[in-house]
Every structure is written in structure tokens, then in C-alpha cells.
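Asker: fold the following, please.
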Amino acid sequence: MTLAVLMSRSLVGLNAPVVRVETHLANGLPAFNIVGLADAEVRESRDRVRAAIQSSGFSFPAGRLTVNLSPADLPKESGRFDLPIALGVLLVSGQIELPEMTNKNNSELSELYQWVVAGELSLSGVLVPIAGAVSIALSVARGQPGATLVLPTESASQAAFVPGLKVLGATSLSDVVLHLMGKQLLNRALAPTSCSLHPGHQIAHPARPDDLKARSAMVPDCLSDVRGQLIARRALEVAAAGGHSLMLIGTPGVGKSMLARRLPGILPPLTDSEALEVASIAAFTGLKDSNWGVRPFRSPHHCASPAAMIGGGAKPRPGEVTLAHKGVLFMDEMPEFDRKVLEALREPLETREVAIARAHSKIEFPADFQLIAAMNPCPCGWHGHSVKACSCRRDEIDRYQNRLSGPLMDRIDLTVQITETESSWIDLPAGETSEVVRARVAIARQRQYARQDCQNSHLPAGRIRDLCVLNGQAASLLSKVIHTYRLSARSIERMHRVARTCADLQGVDGIFAEHISEAFQYRMRTG
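Answerer: As a prediction, this is how the structure comes out:
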């Protein structure tokens with residue numbers, strides 16, 4: 001055999017396009033060339049593959065070796081092509097004899113053309129985990145039904161979360177060769193018994209990923225810690241029920257951050273498909289604290305750059321908005337963020353994705369996050385406080401609040417002014433638990449998906465008229481509010497969506513004046 005062809009996968013963002021690894025051996029002076037738009041990491045695999053083959057007890061062929069990574073116009077990066085290149089070298093040099101060539105009835109072995117192989121090799125021939133295992137597995141399951149995915153053992157356990165896909169885990173090059181020769185078969189990888197996507201970080205994982213009760217138990221009950229603040233608690237419940245963005249405004253210590261950090265505890269658990277999306281992002285970026293079925297909560301510091309928030313770099317990487325996909329992005333002290341960062345949030349808030357354009361390519365990352373923001377009313381923080389005096393001039397207050405532009409604030413559904421707590425707040429009874437509120441939120445979400453197959457915050461503008469039906473008093477109130485306050489078309493659409501959520505929490509089909517009134521109160525920004 002002078003030509004061997006194996007299938008592998010590249011990574012372009014979170015997508016994993018097919019790559020044919022073609023290995024050719026010809027007579028001539030010894031040479032080892034890799035072509036096909038390979039970057040430095042891939043070109044360096046020549047030395048890794050040579051050492052791994054020799055360390056595994058095989059001989060490296062003396063001839064002219066050419067490895068083509070096809071298609072040639074697709075950029076290739078990382079060391080995940082080491083394993084298919086090494087197997088190709090051993091095949092063309094005749095050191096692997098496939099039993100299916102002589103035994104067509106061997107059903108235990110997959111045909112080589114049905115394999116998708118990826119893995120980085122150490123110099124000793126041991127396989128090293130690769131990034132993006134879940135993304136590769138998802139692409140293989142969707143694009144190559146019936147294929148077998150061969151990965152390093154640690155990466156295979158991550159890929160095993162994808163249903164309907166046969167994943168084999170190997171610890172070394174020798175293991176894969178022995179499997180191909182029918183001498184020692186590889187074990188099928190199983191999803192780990194911990195909910196962590198990284199080895200060594202063990203947290204109890206439910207036997208079934210769709211176990212609602214078990215996954216809800218992963219999020220601690222913290223909402224009962226909030227005493228008083230009934231308006232803020234209500235806004236938090238409305239935001240959770242409809243997936244709406246929320247702005248909390250109040251003086252220092254009033255409980256803005258505490259409320260925001262309790263939002264994940266009242267959100268419904270991820271569905272299986274959503275959990276796979278979150279898992280693919282976590283595996284791609286190498287997050288060590290990502291747990292299966294738990295919504296991500298990201299809280300970047302206000303000194304974060306636009307690339308850190310939105311994504312980017314020479315080799316585009318996901319930003320915080322993508323790491324918060326299907327979860328919560330909490331921006332504390334929002335006016336302190338750079339203006340470029342704040343304005344860059346406008347597009348993902350609308351489209352729920354991020355497109356990073358380069359000269360020769362465009363990479364898209366998902367960004368379906370729920371924005372929760374907090375801010376002080378002024379630079380010193382005490383504007384409007386009943387006891388402490390504010391030291392800021394009016395122009396300083398206006399300049400501080402205007403750091404958040406009108407177009408950005410127009411995209412925030414709920415704005416709540418939180419007042420200082422009562423002096424006797426410590427004697428107040430504990431509020432409702434997260435479990436009780438989460439149950440109401442789950443029922444409201446079920447109504448939304450049964451009616452429109454999406455949450456209210458994602459309701460298309462063209463369907464608002466049909467799905468947000470106002471009774472006579474509600475329509476009259478909305479018309480009066482629009483003309484009095486000159487609301488923009490976007491504000492009107494968002495008021496409809498919030499009112500729809502308030503009605504869903506109440507369990508009614510129509511939208512009444514009380515729902516419009518509550519939605520309008522959340523649009524008002526005082527200060």
C-alpha cells in the first residue's frame with residue numbers, strides 16, 4: 001500500500017469540518033512533508049510522529065513521505081492530526097496488516113474508511129487529550145451517521161456525552177494499531193460518572209442527564225437568603241421566566257450582586273441539546289469548572305477588553321458572551337466597562353451570536369446569554385439614599401449614567417431601582433426558596449414553548465401581534481404610554497414580550513392592563 005487515506009476533523013470555531021489525511025510513500029531520498037495549509041503546530045507533528053512511531057516499537061520508513069491534509073484551502077491547526085498521520089505512515093510502510101483484508105466477516109472491527117481519528121501524540125507514543133472533543137463528536141454524529149470516532153481516552157469520555165455515536169478511547173498509538181490488527185480491541189468510551197467535563201474534578205453526576213430533580217440539586221438554594229426586596233425578587237422571577245435581560249440600580253450594599261448571583265438557582269435546568277452545546281464550548285475552551293447540565297454563570301471584571309468579552313484574537317477564541325451561552329452573563333458596575341465593550345454587546349443581545357471576521361474567513365460563535373447588569377446611581381454611589389449624602393454634582397451624575405448609551409439600554413428589558421433595605425430586615429422571615437420559584441418559572445417556560453416553541457425574549461417580532469393579544473383596557477393603556485413617553489419600536493416590542501411573561505406567570509392566555517403596567521414600570525429608569 002503506497003497510499004493511505006484516513007478521516008479526521010479540523011476545528012473552525014465550534015464547527016468541525018471533515019479533513020482527509022492522505023499519506024503517500026514513494027521511492028527517493030528520505031523526506032517527510034506535510035501540505036494542505038498546515039500551521040506550525042501541524043508541521044511540528046513530523047518530529048512527534050517520527051519519535052512516537054519509533055518509541056512504540058515500529059520503524060520509520062526510509063523514503064519520500066508526503067502527507068496531504070485535504071481540503072487544501074481549509075486552515076489546519078493543533079496536534080490532533082498526529083494520530084491519523086502516524087497510522088497513515090504505518091499503513092503505507094506495510095507495518096499494519098488489516099484483518100478485514102482477509103476476513104470480511106469480522107464484525108467487531110470498523111472499516112477504516114468509517115473511522116474518524118484525532119489525537120495528539122507525545123514522543124513516547126502516548127496519546128494526549130485534545131481540545132474540542134465534544135464539537136468534533138457533534139459534527140461526526142450529524143454528518144457521518146454510523147461512523148466510529150477514535151480519540152485519546154480523556155477526550156473520548158467527553159465525546160461520549162453525544163448520543164448515538166460510537167466512541168473508542170485509546171491511551172497510545174500501540175493500542176490503536178493492535179485494534180486495527182484485531183489483536184486487542186479498544187473499549188467503547190462511556191460518559192464519566194462525574195458531571196465535570198475535565199478529569200480530576202469530580203462532582204456527583206446524575207445517572208441520567210435529563211434527570212430534572214438531580215440537576216436542579218446541583219444549584220444551591222440561595223434565594224431564601226434574600227429578605228425583603230419584594231420588587232427586586234419579582235423582577236428576578238420575571239427575568240428568569242421569560243429569559244429577559246435585567247438591570248439592577250441601587251446604592252452600595254443594597255443587594256444588587258447578591259440578587260444577580262441567585263438567578264441561576266431559579267432557572268430551569270438545561271435540556272440535553274442545550275447541555276451538549278454548553279459542553280462543546282467548555283471542552284473547546286478548556287474550562288475546568290464546567291459541569292454537565294448546569295447553566296454557566298460568567299462574571300467578568302470591568303477591565304475586560306472587547307476581545308475578552310466578545311471573542312477574537314489571531315486564532316479566534318470565544319469571549320465571555322459565548323462562555324455564558326445558555327446561561328447568565330453578570331456585569332457588575334456596568335458603567336465602569338469600556339465603552340467599546342458595552343457597544344459591542346448590542347449585536348449579540350439581538351442576534352444571539354457573534355461573528356468574528358478575518359481577511360479570509362468568518363467564524364461564528366453562539367451567544368444566547370441572559371444579561372444581568374448592576375450599577376450605582378452615581379460615581380460616589382449614594383445618590384438617592386435616605387441617610388447618606390451624595391457628593392456628586394448633577395452633571396457628574398448625568399455623565400456617569402450616560403456611559404450606558406440609549407441603544408444599549410433600549411435592549412435591556414427590565415430596569416429595577418432597588419432601595420435600601422428596612423432597618424429591621426434581619427428580623428424579616430426568609431423569602432421563598434429557589435425551588436418554589438423555580439417551579440413557577442418552569443411552568444411559565446412550558447407555556448411559552450407549547451405556544452411558540454421559544455422563550456418570550458426570543459419571540460420574533462412578526463409573531464408578537466398574534467401571540468401577545470391585549471384586551472381592550474391593556475391596548476388603551478399601551479397606546480397612552482406610547483404617545484406620552486414616545487417609546488421606540490424596540491421598546492414597544494420588548495414591553496409586549498415582558499407583559500406576555502407576566503401573563504404566563506399568572507397562568508392566563510390574554511394580556512391585561514396589569515401586565516402592561518408592570519412591563520412599563522420595568523422600562524422606566526429613574527435617577
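Asker: the stretch 151-300 of the chain: strands as residue ranges?
Answerer: Along the stretch 151-300 of the chain, the segments classed as strands by DSSP state E, counting those that start in this stretch run 166-170, 246-250, 297-298.
Asker: R445: which of those is closest?
Answerer: strand 246-250 (16.4 Å; C-beta to C-beta). Quick note: C-beta positions are derived from backbone N, CA and C, even for glycine.
Asker: list the strands paired with that closest one, with their directions.
Answerer: Its sheet considered, strand 246-250 pairs with strand 370-375 (parallel), strand 414-418 (parallel) by DSSP bridges.
Asker: return the most buried member of those strands.
Answerer: Neighbour counts (mean count of other C-beta atoms under 10 Å) averaged over each of these peak at strand 370-375, with a mean of 24.
Asker: and the strands paired with strand 246-250, which one is worst for confidence?
Answerer: Comparing mean pLDDT across those, the weakest is strand 414-418, with a mean of 93.
Asker: pipe the strands paired with strand 246-250 into TSV and attach distance to A355 per row.
Answerer: Shown next, in TSV, are those (distance: least, C-beta to C-beta, whole Å):
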stretch	distance to A355
strand 370-375	19
strand 414-418	27
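Asker: determine which of the ones you listed approaches L186 most closely.
Answerer: Taking the strands paired with strand 246-250 one by one with C-beta to C-beta, strand 370-375 is closest: 41.3 Å.
Asker: beyond the closest one, next helix or strand please.
Answerer: helix 394-401 (DSSP states H and E).
Asker: identify the residues contacting that following helix?
Answerer: P335, P377, C378, P379, H383, C390, C392, G527 (C-beta atoms under 8 Å, 6 or more residues apart in numbering).
Asker: got it, and stretch 16-31?
Answerer: Residues contacting stretch 16-31 (C-beta under 8 Å, 6+ apart): 2-10, 61-71, 74, 76, 81, 84-85, 88-89, 91-93, 117, 132, 135-136, 138-140, 143-144.
Asker: go on, stretch 449-458?
Answerer: In contact with stretch 449-458 (C-beta under 8 Å, 6+ apart) are residues 241-245, 352, 370, 413, 445, 448, 459, 463, 467, 497-498, 500-501, 504.
Asker: select only the buried ones of these in ChimeraX?
Answerer: Selection of buried members from these for ChimeraX, criterion 16 or more other C-beta atoms under 10 Å:
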select :241,242,243,244,245,370,413,445,448,459,467,497,498,500,501,504
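Asker: out of the contacts of stretch 449-458, list just those in helices.
Answerer: A241, G242, R445, Q448, L467, R497, V498, R500, T501, D504 (DSSP state H).
Asker: surely the last one meets A241?
Answerer: To tie it back to what came earlier, the one meant is D504. Yes. Here D504 reaches A241: they are 6.5 Å apart, a contact under C-beta atoms under 8 Å.
Asker: please name the nearest non-neighbouring residue to T433.
Answerer: Take T433 and drop its neighbours on the chain: the residue closest to it by C-beta to C-beta, 6 or more residues apart in numbering is S224, 4.7 Å away.
Asker: residue contacts, that neighbour?
Answerer: A430, G431, E432, T433, S434.
Asker: let's see it at 7 Å
Answerer: S224 makes contact with A430, G431, E432, T433 under the criterion C-beta atoms under 7 Å, 6 or more residues apart in numbering.
Asker: of those residues, closest to P318?
Answerer: T433 (33.9 Å).
Asker: I464: neighbouring residues, count only.
Answerer: 17 (other C-beta atoms under 10 Å).
Asker: next one: D47
Answerer: With other C-beta under 10 Å as criterion, D47 counts 11.
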